[in-house]
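Let's see this in three dimensions:
(chains A and B, ligands or ions: 1)
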Amino acid sequence: MSDALNDIPLTARPAIARGMRLQWEPAQEAHVLLYPEGMVKLNGSAGQIMSRCDGVRTITDIVADLERTYNQSGLTADVVAFVALAVQRHWLEARP
Amino acid sequence: MTASAPVGNALDAPGALVGGAQTAHVVGPPLWLLLELTYRCPLHCVFCYNPTDFANTGPELTTADWIRVLREARALGAVQLGLSGGEPLARDDLEEIVGEAHRLGFYINLITSGIGMTEARIKALKAAGLDHIQLSFQDSTREMNDFLSSTRTFELKVKVAQLIRAHDYPMVLNVVLHRLNIDHVEEILVMAERMGAQYVELANTQYYGWAWLNRDQLLPSRAQLQRAETATRRFRERVGAAMQIYFVVPDYFETRPKACMSGLGSVFLAIAPDGTALPCHAARMLPGLEFPNVRATDIGAIWYESQAFNRFRGDAWMKEPCRSCPEKAKDFGGCRCQAYLLTGDADNADPVCDLSPHHELVTAAVARAERVAGAREQVLTFRDHRVSIPVVIEEKRT
Ligand code: SF4
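Next up is the predicted model:
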């Protein structure tokens, strides 16, 4: 599984996998990812990353946006690791 | 993935990434709402878990009733919506119900046999906001035989599969396995591949309702199960990531029960066609539960206050060996319906558990399956309005 981590290029444009839906749930105060028989309640950073995965922005764009929004730097590795995990779990599709 | 209900059989506990698992003492919202929109169904399924006395249930809820249920449940925090039946396409207000559910923010999954699906309807459903479709084999003897011999049932499924893919839904196929079709797993998978299925769930029948009446004819033998698993593994190796296959072993072959519904009254709320609210779609069989009806009671009162939904919350109801078992927080003592059907007492441990003093009832059923496996003529009870039989309890042995 760790190979997959390095397989995601920074130019990939991750998108929410088909058949899944990401939405903000006020009742749970969290982003949740919904699929036919389950639900994943995302923590804050996972929600911030996934809500930017629109199939248009590249990973580089997403990192830049997050770093700007949260006034941080060096987020690339975390974002790539999360995207790889999400792809492996079929939450995201990494489009080239 | 589920069977449908339904088929969707296994419910994942929500909250994987950041937890969110609730303790026994905090009652969370009914995150998961299943609307069984109708008992009408063009098929007569041997494994159908709809109640065996379904012909005696009252009239179906109106469109306005269903919409009120959606609003009340959503206000409490419900977010997953399953639409099943019967065949939900038999309701011509399905699009309207989907539209309202989408506006409210539900994730909507339609569980269908495909009968009644047309280009016009799938377009309207997509436009209304339907998120996901599970194409199910509601029948696995007659329909599966048709399917395997490439007659019109196969053509229908292929046509519906094309519609599903053409409208940019993932193509998800559910097949219920049992003794009479489990030897065809490889053919089933080949057909699924030809239909362009991306996800296939091969779930073994759960023995409630009609399947319970036919259990001795439906339970596969251990050898059949192993052959099917081997065939599935070989197929998986060949197709790789192109098709994801889930194979769900019947729990009769296990030594620990499944965490049925994550515990009754924990996340799941089913509404039957006549408005009866159930903590599990099979729960109507459980004695001593007074099931509220959405015609008379709002969803909040049903979920938080009704006897039926509180009866199996927490662990105070449990008997030994569950009561003092360290695993009770993990499996909640298993399935209440299975405990009741096999032991006659819904408070007992699910006898699938080998710590249960009744586990012998399960091993005996498996042993009987071994003996009758291979017998050619089996009498099956098909679901039919003319024969509506109440569920019978297995005789207890002493
Ligand atoms: S004894 Fe009860 S709680 Fe313990 S593992 Fe068996 S079913 Fe689960």
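
only C-alpha atoms for contact and neighbour calcs from this point on.
OK.

Show me which residues of chain B are close to the ligand?
Contact residues (CA under 6 Å from any ligand atom) of chain B with the ligand: B:256-257, B:321-322, B:325, B:327-328, B:331-334, B:349-350, B:353, B:355-356.

from the residues you listed, which would you call buried?
Buried residues within the residues of chain B next to the ligand, counting neighbours by 16 or more other CA atoms under 10 Å in any protein chain shown: B:256-257, B:321-322, B:328, B:331-334, B:349-350, B:353, B:355-356.

okay, those residues in TSV with distance to B:Gly288 next?
As requested, these are exported to TSV (distance: CA to CA, whole Å):
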residue	distance to B:Gly288
B:Arg256	26
B:Pro257	23
B:Pro321	22
B:Cys322	21
B:Lys328	23
B:Asp331	23
B:Phe332	19
B:Gly333	19
B:Gly334	19
B:Ala349	18
B:Asp350	18
B:Cys353	24
B:Leu355	26
B:Ser356	22
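
Show me which of those residues is closest to chain A.
B:Asp331 (17.4 Å; CA to the nearest CA).

For that closest one, which residues are in contact?
B:257-260, B:262-263 (CA atoms under 8 Å, 6 or more residues apart in numbering or on different chains).

before we move on, what about B:Ser113?
B:Ser113 neighbours (CA under 8 Å, 6+ apart): B:87, B:135-138.

And these, which is the shakiest by pLDDT?
Within the contacts of B:Ser113, pLDDT reaches its minimum at B:Gln138, with 52.

In which helix or strand does B:Phe82 reside?
Quick fix: residue B:82 reads Gly, not Phe. strand B:80-84 (DSSP states H and E).

And chain A, is that strand touching that?
Yes: against chain A, strand B:80-84 shows contacts by CA under 8 Å from any CA of the partner chain at B:80, B:82.

Output the contacting helices and strands for that strand.
The elements that strand B:80-84 packs onto, with contact taken as 3 or more CA pairs under 8 Å, 6 or more residues apart in numbering or on different chains; DSSP states H and E, are strand B:32-36, strand B:107-112.

most tightly surrounded among those?
Stretch with highest mean neighbour count among the helices and strands packed on strand B:80-84: strand B:107-112 (a mean of 26; mean count of other CA atoms under 10 Å in any protein chain shown).

A:Phe82 contacts A:Ala46, doesn't it?
Yes: when contacts are counted by CA atoms under 8 Å, A:Phe82 is listed as touching A:Ala46 (7.4 Å).

More neighbours: the two, which one.
More crowded of A:Phe82 and A:Ala46, by other CA atoms under 10 Å in any protein chain shown: A:Ala46, with 20 against 17.

I'd like to know how far the more buried one sits from the ligand.
33 Å (CA to the nearest ligand atom, to the nearest Å).

now swap in B:Phe268 and tell me
20 Å.

what phi and what psi does the backbone show at that residue?
phi -110, psi 130 (degrees, to the nearest 10).

Which residues does it form beta bridges with?
B:Trp32 (DSSP bridges).

hang on, the earlier thing: include secondary structure and pLDDT when you put the contacts of B:Asp331 into JSON lines, please.
Below are the contacts of B:Asp331 laid out as JSON lines (DSSP: H, G, I helix; E, B strand; the rest coil; pLDDT from 0 to 100):
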{"residue": "B:Pro257", "secondary structure": "coil", "pLDDT": "87"}
{"residue": "B:Lys258", "secondary structure": "coil", "pLDDT": "85"}
{"residue": "B:Ala259", "secondary structure": "coil", "pLDDT": "83"}
{"residue": "B:Cys260", "secondary structure": "helix", "pLDDT": "80"}
{"residue": "B:Ser262", "secondary structure": "helix", "pLDDT": "82"}
{"residue": "B:Gly263", "secondary structure": "coil", "pLDDT": "86"}
